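1. just coords:
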């Protein structure tokens, strides 16, 4: 994975090592949706999607969230948050291995 700048790489990799949200997190990267977000410090796992790097201003990749839902719907999965989905859709494998 390439990063737009050293600060983005530092914060994404720092969070990736833990694989969970902590109170000191700033940036979250979702491999499943290929999207970045600012962590909401609400004791949950919320983040606000961002389109540009907060440090260097570079445009970040387009989120694949809508495409994820569209592909699952075409497979007959209407509500993927309530049913078991194929394992490759639980990571970035669904869009990296086209």
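-> Structure's in. What do you need? Since we're looking at a predicted model, the values are computed, not measured.
2. and residue 52, what pLDDT?
-> Residue 52 is assigned a pLDDT of 98 by the prediction.
3. next one: the one 5 residues further on
-> At residue 57 the predicted local distance difference test score is 97.
4. so who does it touch?
-> Neighbour list for residue 57: empty [criterion: CB atoms under 8 Å, 6 or more residues apart in numbering]. Every residue, glycine included, has its C-beta placed from N, CA and C.
5. and it, which helix or strand is it part of?
-> For residue 57, there is no helix or strand it lies in under DSSP states H and E.
6. now do residue 66
-> In this assignment (DSSP H and E), residue 66 forms part of helix 65-74.
7. which is the next helix or strand following that helix?
-> Once helix 65-74 ends, the next helix or strand along the chain (criterion: DSSP H and E) is helix 93-96.
8. which residues are contacting that following helix?
-> Contact with helix 93-96 is made by 32, 34, 64, 67, 68, 71, 86, 87, 88, as judged by CB under 8 Å, 6+ apart.
9. what's the burial count for the fourth one?
-> Here the number of neighbours of residue 67 (other CB atoms under 10 Å) works out to 14.
10. alright, calling it a day.
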